[in-house]
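# What follows is a protein structure lacking sequence information:
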């Protein structure tokens, strides 16, 4: 229900996997400038609700990879329900700037390429 690929309408997506401690990790991909690229993400989910209807979710991305250093980080906090994650993104820069905006991510039902040939 929670693991997999999630995307928003701005051209950003994340692929997440659960860890054994109630958290998750994965990658965040963006085609939006200046964050264009793939970044690591880490987060927490209310582990007991993974099989329920509502889940509280929080995750963070530091905008730094082998190609890009933006000197900022973003954190999302929201509620997941019925394959949709409604979250508020807060971005903070080293210069003290802050941006807050609402985003909606939808879980993608992707078929593995190998399985599609069977």
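Perfect, I can see it now. The structure displayed is predicted, hence computed values, not measured ones. Numbering: from 1, shown residues only.

# Please make it C-alpha for all contacts and neighbour counts, starting now.
Will do.

# okay, now the nearest residue to residue 102 once chain neighbours are set aside: neighbour count?
Distance criterion Cα to Cα, 6 or more residues apart in numbering; nearest residue to residue 102, sequence neighbours excluded, is residue 88 at 4.4 Å. Other residues within reach of residue 88, judged by other Cα atoms under 10 Å, total 18.

# Note down every partner strand of the host helix or strand of residue 60 and its orientation.
If you go by DSSP states H and E, residue 60 is part of strand 54-64. Using DSSP bridges, strand 54-64 pairs in its sheet with strand 37-45 (antiparallel), strand 69-81 (antiparallel).

# all strands of the chain, in order?
For the chain, the strands defined by DSSP state E occupy 4-7, 12-18, 23-30, 37-45, 54-64, 69-81, 84-93, 98-108.

# on contacts alone, who are the packing partners of the second one?
Read it as strand 12-18. In terms of contacts (3 or more Cα pairs under 8 Å, 6 or more residues apart in numbering; DSSP states H and E), strand 12-18 is packed against strand 4-7, strand 23-30.

# who's in contact with the shortest one?
In this case it means strand 4-7. Residues from elsewhere that reach strand 4-7, judged by Cα atoms under 8 Å, 6 or more residues apart in numbering: 13-17, 105-110.
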